[in-house]
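> Below are the sequence and a predicted model for it; my questions follow.
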Amino acid sequence: MPTFSVTILETTSALQNRAPQNGTGQNGTSQNGTGQNGLGQNSSVLAVIAPVPRAVDAYVRWEIQLLNDDNSPLGLPREISATEVAALESEHRPRWIFNDAPGTYGPLLAAGVRIERCHDIMMTERLLLPRQGQYGEPAAAQAISARLHSQPAPPDPEPAPTIHSAMPGQQAMGLFEEEGPAAQVPGIRVLLEAYVDQRERIDLLAEMPVGEGISVNPGAFKLLVAADSACALIGVEMTRVGMPWRREIHEQILQARLGPRPKPGTRPAVMADLAAQINEAFGFAVNPDSPADLRAAFARLGVEIETTRAWVLRTVEHPAVEHILNYKELQRLYTANGWNWLDEWVHNGRFRAEYVPAGVVTGRWATRGGGALQIPKIIRGAVRADPGCTLVVADAAQLEPRVLVAVSGDPALEALADAEDLYTALAEFGFSNDRNKAKIAMLGTMYGQTSGAAGAWLATLRYRYPVAMDFLEDAARRGEQGRLVTTILGRTSNPPSGVWTEIVDAGAGPAASRAQESQGRRVARDRGRFTRNFVIQGAAADWAAVWLSTLRQSLRAVDGADIVFFQHDELMVHTPVDSAKEVARLTSEAADTACRLVFPGGRARTPVRPIITDCYADAK
DNA sequence: CACGAGCGCGCC
DNA sequence: AGGGCGCGCTCGTG
């Protein structure tokens, strides 16, 4: 079999290529890192794989093409069955190259084939495009091929049908039944062409920095490609496995708060009572579901409120307020996570959402359906391990400030990095040991808070941690100027829109009216807050992607352990009880590995706190 | 009537 | 007065 010594996308080789940073984060200069390494154990077989559409048995056959060291095809493409794919996987553990994980790994996994590693072309293209000034262009292999041949790129196909159509008891729907022509699935030659082109473009990043002021560290970028590709696999696996969810416990929680399930078209009893009390308190009928109505009601009493957000209502002294707040809380539970949600999203003891790794501009994951990243704390009691199993819930403590330590290299902040609780350590200096103050101040700097009581606290931070604050200010200034920013691994922000540029230019022009000027300044500052946060939130997403993909690798040794949930800086593994301690250890070990890989040479730490529990509600 | 913008709130 | 989301509601518009 061929070996492939240039192991792009090999996490361990990315480590070899990743020289220590000079501590200035995105200002770091380009490092070496052609991807060469002599490590035999990192050699890998590369196999391009494309689903072969069939009218009847979609995706039971696959076209594959093995590659030589130099990316040239080895032999002829072959058509093989899922069983043969599984055999190839267990014998050679190739890096499978495919267009996108949902489209290829989804049906493979449904056929019982689990793979270890991949190169996800669409995922990778979405990392490359903004670096080339082509943010938002189509990312599928066909589009890459078209651009190579100076032809118009076809739009990316719509995402595969939601998992609703692939529920147990139903036949999983193939793309083609749903979307018509099989031509939407790239064939093996287009995949190969796109892959080779991506390899070349990634290697060019080393020699040809794209975009003013955007550092290019190819070792880092390859690590990012590897991690995001692995996350693409994890997303498919998590969607399939689902989160253990006990309907009857969820229903008990609903019943306790809302009363029995109401008939369709009516409010739950408790909410109906509250609505009546609200009317009574006002002395006239008010629809608590309508912000406009609520505002008008308070206006009739002579109370003008800007919005009806809970924190604004709380400042109003009126007997209706308490009832409104209670109503809103219950209304939220009822509509977002009530009985209808259970009916739609929980089947056979599992909540299956559709995960979209790196679906957010900053690299965070997104989900479609079920609101999986917004599961309220009050219903987490319904998340229970199966008999004989337990949950390992691990979260990275104070990840974002720790990321700031790492990417800014601020020596004064680094001195606090060993503290178990970063905010407590921070509070000792200038915050009179008030942890909450220190926390709000720190988060405020990373979100671009500009006003409020935190103003004085920001001054304290600027005085004590000038390097870190300069790092954030620099990112904000870039944004205000319409420039791009990148994370430590090279994930690049989207550019501002054309409308943004027009508004800012108009505001800065010599003929600008006062209104144009202030509008221009406002949108520029909005952009600055985005880029300021991007370098932190994005680097945290970089770290989390490496954490997750490292853990996935080590969990292969643990029978029956599944990653069942991931939420920015927290993950959950469902595992046999006997393996729980080992799984907990692995989550910590993976975090240490991620810290070394993503923030090499720095003094930052990114500890995680694994908790073994049968019930998610007990994990805090 | 369908669609979508705006609002508000859940999570990080 | 903050960054990033998804989702369900209301309400105005085509």
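Yep, it's here. Numbers count the residues shown, from 1 in each chain, chains lettered A, B, ... in the order given.
> Close to DNA strand C: what parts of chain A are there?
A:287, A:289-290, A:292-293, A:335-336, A:341, A:356, A:359-362, A:364, A:366-371, A:373-374, A:440, A:444, A:447-452, A:454, A:526, A:529-530, A:533-534, A:537, A:568 (Cβ under 7 Å from any atom of the strand). To be clear about C-beta, it is placed using only N, CA and C from the backbone, and glycine gets the same treatment.
> And the pLDDT at the residue nearest to residue A:531 when sequence neighbours are not counted?
In this structure, residue A:531 finds its nearest non-sequential neighbour in residue A:479, 2.9 Å apart by Cβ to Cβ, 6 or more residues apart in numbering. Reading off the confidence values, residue A:479 has pLDDT 96.
> Mind checking what secondary structure residue A:479 has?
In three-state terms, and counting by DSSP: H, G, I helix; E, B strand; the rest coil, residue A:479 is helix.
> can you tell me which of the residues of chain A next to DNA strand C are in helices?
Among the residues of chain A next to DNA strand C, the members found in helices (DSSP state H) are A:292-293, A:335-336, A:341, A:440, A:444, A:447, A:454, A:526, A:529-530, A:533-534, A:537.
> Where do the strands of chain A begin and end?
Assignment of strands within chain A using DSSP state E yields the ranges A:46-52, A:61-67, A:73-81, A:95-98, A:117-120, A:243-244, A:346-347, A:350-351, A:354-356, A:366-368, A:389-396, A:562-566, A:570-576, A:608-613.
> what about dumping the CA coordinates of the third one to CSV?
The C-alpha coordinates for strand A:73-81 follow below in CSV (Å, rounded to 0.1, in the frame of the first residue of the first chain):
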residue,chain,number,x,y,z
PRO,A,73,-4.0,8.0,-8.5
LEU,A,74,-2.8,4.6,-7.6
GLY,A,75,-4.5,2.1,-9.9
LEU,A,76,-8.0,2.7,-11.3
PRO,A,77,-11.0,3.8,-9.4
ARG,A,78,-13.0,0.9,-8.0
GLU,A,79,-16.6,0.5,-7.0
ILE,A,80,-17.0,-1.3,-3.7
SER,A,81,-19.6,-2.1,-1.1
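> Direction included, what does it pair against?
Sheet pairing for strand A:73-81, assigned by DSSP bridges, gives strand A:61-67 (antiparallel).
> what does the strand it pairs with contact?
A:1-2, A:4, A:45-52, A:54, A:73-82, A:85, A:88, A:94, A:108, A:187-188, A:191-192 (Cβ atoms under 8 Å, 6 or more residues apart in numbering).
> what's the neighbour count on whatever residue of the stretch 351-500 of chain A ends up closest to DNA strand C?
Nearest residue of the stretch 351-500 of chain A to DNA strand C (Cβ to the nearest atom of the strand) works out as residue A:451 at 2.7 Å. Using other Cβ atoms under 10 Å, residue A:451 has 7 other residues around it.
> in chain A, which helix or strand is least confident?
Least confident helix or strand of chain A, by mean pLDDT, DSSP states H and E, is helix A:175-179 with a mean of 39.
> What ranges does the stretch 101-250 of chain A have for its helices?
In the stretch 101-250 of chain A, helices defined by DSSP state H, counting those that start in this stretch lie at A:101-110, A:121-128, A:141-148, A:175-179, A:188-207, A:218-241, A:247-258, listed in chain order.
> pLDDT value on the residue in the stretch 151-300 of chain A positioned nearest to DNA strand C, please?
Nearest residue of the stretch 151-300 of chain A to DNA strand C, counting by Cβ to the nearest atom of the strand: residue A:290, 3.3 Å away. Confidence per residue is given as pLDDT, and for residue A:290 that number is 93.
> Count the residues that sit near it.
Residue crowding around residue A:290 was assessed by other Cβ under 10 Å; the count is 12.
> one step back: among the ones in helices among the residues of chain A next to DNA strand C, which one has the most neighbours?
residue A:534 (26 neighbours).
> And it, how far from residue A:459?
Computed with Cβ to Cβ, to the nearest Å, the distance linking residue A:534 and residue A:459 is 24 Å.
> Likewise for residue A:572?
Taking Cβ to Cβ as the criterion, residue A:572 is separated from residue A:459 by 40 Å.
> Please enumerate the helices of the stretch 401-550 of chain A.
In order along the chain, the stretch 401-550 of chain A carries the following helices (DSSP H, counting those that start in this stretch): A:411-414, A:422-427, A:435-447, A:454-464, A:466-480, A:498-508, A:514-555.
> Redo these as JSON lines? Include distance to DNA strand B.
Shown next, in JSON lines, are those (distance: least, Cβ to the nearest atom of the strand, whole Å):
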{"stretch": "helix A:411-414", "distance to DNA strand B": "20"}
{"stretch": "helix A:422-427", "distance to DNA strand B": "14"}
{"stretch": "helix A:435-447", "distance to DNA strand B": "9"}
{"stretch": "helix A:454-464", "distance to DNA strand B": "16"}
{"stretch": "helix A:466-480", "distance to DNA strand B": "17"}
{"stretch": "helix A:498-508", "distance to DNA strand B": "13"}
{"stretch": "helix A:514-555", "distance to DNA strand B": "8"}
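> shaky segments in the stretch 201-350 of chain A?
Along the stretch 201-350 of chain A, the model assigns pLDDT under 70 to residues A:206-216.
> and it, which of its residues are near DNA strand B?
Proximity of the stretch 201-350 of chain A to DNA strand B is assessed by Cβ under 7 Å from any atom of the strand, with A:291, A:295, A:307-311, A:328-329, A:332, A:336 identified as the residues in range.
> Where does the record place the domain boundaries for chain A?
In terms of domains, chain A is parsed into A:11-241, A:249-342, A:411-538 (source: automatic domain parsing).
> looking at these, which is closest to residue A:559?
Taking Cβ to Cβ as the criterion, domain A:11-241 is the member of the domains of chain A that comes nearest to residue A:559, at 12.7 Å.
> buried residues in stretch A:107-125?
Residues of stretch A:107-125 classed as buried under the neighbour-count rule (16 or more other Cβ atoms under 10 Å) are A:107-109, A:111, A:113, A:115-125.
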